[in-house]
Each structure stands twice: as C-alpha cells, then as structure tokens.
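Visitor: have a look; sequence and predicted model below, questions after that.
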Amino acid sequence: MTGSTTKTRVLDALLPGGRSAEPARWQQQKSARTRLRIVEAAIDCLVKEGYSGLTTQDVVERTGVSRGAMHHHFPTRMDLVGAVVEHVFFERMRLFLEDYLTKMQHASESERLEIATAAHWRSVQTREYSAYLELAVAARTDVELDQFFGPVARRYDEVWITEMIEAFPHWRDQWEQMKLASDFVNVLHMGLLLQQPVFGEARTRRTQRLSNEVLRQVYAGILVV
C-alpha cells in the first residue's frame, strides 16, 4: 500500500462531521469556510486562554461573524467544543502523516525509526497539539467536556492502531512491539513537551536520544516487554 493510500485511509476514518465531501454549491462552500473559521478561532482561544477562555463571545469577536451565524453553525458552546475536538484530532494526524510519509520516500531502513519519532516530536509542537493538551487536561474534571473528548480520543487511538501497520510496514512481523513503541513515544513526547521549559534543549535532546535507542532495541528484538 502506498503512502498516499495510507494517508487517505486514515484521514477518511477521522474526517470531522461536516467535512465528508467538498461542497458543490457556492453557498455551501461559503458556509463550510465560515464553519472552519469559527473552529480555527476556537482553537486560538484554547491555545491562548485555555479551556475556560473558550467562549462563543470571544470566537465571535475573533472571527467577525454575526451571532446569528455562530448560532446557525454551533447552537451551543458544547456543539462548538465537539467540532473543535474532532478538528484537532484530524489535523494532528494529517500533519504527522504528511511530514512522516514525505521524508520516508527516500529513507533507508536504518533511518526509519528516527524519521518517525522526529516527525511525531514535530507534531506535538503545533497549535493543534496545544489545543489537544488543553482539552485533555480539562476533560479530567469536566464531565460535559469528557462526553465529547473521550469518545473521539478513543476513536482516534483505535483508527491509528488499526492503520499504522500500513504506515510502518517494516514492523509487520512485530505488531505487538509496534503498538507498545507507539504508546511509549506518545507518552514520552507529551511529558517532554510539558517538561521542556524545565529541562531545556540539552536535556530534552538527551532524552530523545535515549528514546531512539530504546526503540532500536525493541525493533531489533533485544528489548522485549
């Protein structure tokens, strides 16, 4: 399976509601653009103000849309939050796959692990990932938010586990080890991102080198858990 096919399969499985097809009519296209502007503005609110700062009033002011347009697309704050959650997960995966698959085209076998982990590290330094962290932390104590965030987070994980064997075919004979390696990188990079202001660049790079060595041992069958 080609990289483009893998990317299409994964992204189709994670496509947010309302983005299943390119609108054919001008009015539908305009409506889709307005909806996306609202969602993007909501992400800016999350990144800059945190979950408590995400309000429909702030989004209206950032986008310049009317209250009527806001209510048409998102009748309640939680409707907006649900759209933001889906969009953030979709964009995170899209950016990672574009980065990873582009660099993998001419990579040697020995380069693949570092390319994958480097692409993932870049993916956690995006505004989409910042918004994801804000939502993940808030969902721990906000039951209403968790009703939206939890199911989408689990679907994202399920789709990635199902499809990543196509994105990483060299792990095909080590499927369980591959899933463990993916979990390891996810939690390590989240922790490193949060600790980076404390650790600084040098300690962060050392930890990343340790991570790459652990992954090489897992892939070689030297380290088995």
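Guide: Done, it's in.
Visitor: state the next helix or strand along the chain beyond the helix or strand encompassing residue 68.
Guide: For residue 68, the host element (DSSP states H and E) is helix 67-73. Of the helices and strands lying after helix 67-73 in sequence (DSSP H and E), the nearest is helix 77-104.
Visitor: now for that next one, which elements pack on it?
Guide: On a contact count with 3 or more Cβ pairs under 8 Å, 6 or more residues apart in numbering; DSSP states H and E, helix 77-104 meets helix 3-14, helix 26-49, helix 56-63, helix 112-123, helix 127-139, helix 143-167. Quick note: C-beta positions are derived from backbone N, CA and C, even for glycine.
Visitor: any buried residues in it, and which?
Guide: Under the neighbour-count criterion of 16 or more other Cβ atoms under 10 Å, helix 77-104 has 80-97, 99-101, 103-104 buried.
Visitor: which one of the helices and strands packed on helix 77-104 lies nearest to residue 221?
Guide: Nearest to residue 221 among the helices and strands packed on helix 77-104 is helix 112-123; the distance by Cβ to Cβ comes to 13.8 Å.
Visitor: report the buried residues of that closest one.
Guide: 112, 113, 114, 115, 116, 117, 118, 119, 120, 121, 123.
Visitor: reformat those residues as a markdown table; add pLDDT and distance to residue 151.
Guide: Shown next, in a markdown table, are the buried residues of helix 112-123 (pLDDT from 0 to 100; distance: Cβ to Cβ, whole Å):
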| residue | pLDDT | distance to residue 151 |
| --- | --- | --- |
| 112 | 82 | 32 |
| 113 | 84 | 32 |
| 114 | 88 | 34 |
| 115 | 89 | 31 |
| 116 | 88 | 27 |
| 117 | 92 | 28 |
| 118 | 93 | 30 |
| 119 | 92 | 27 |
| 120 | 93 | 23 |
| 121 | 95 | 27 |
| 123 | 92 | 22 |
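Visitor: export the residues you listed to a markdown table and tack on distance to residue 63?
Guide: Below are the buried residues of helix 112-123 laid out as a markdown table (distance: Cβ to Cβ, whole Å):
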| residue | distance to residue 63 |
| --- | --- |
| 112 | 42 |
| 113 | 42 |
| 114 | 40 |
| 115 | 37 |
| 116 | 36 |
| 117 | 36 |
| 118 | 35 |
| 119 | 31 |
| 120 | 31 |
| 121 | 31 |
| 123 | 26 |
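Visitor: quick check, nearest of those residues to residue 42?
Guide: Distances from residue 42 to the buried residues of helix 112-123, taken by Cβ to Cβ, are shortest for residue 123, at 20.2 Å.
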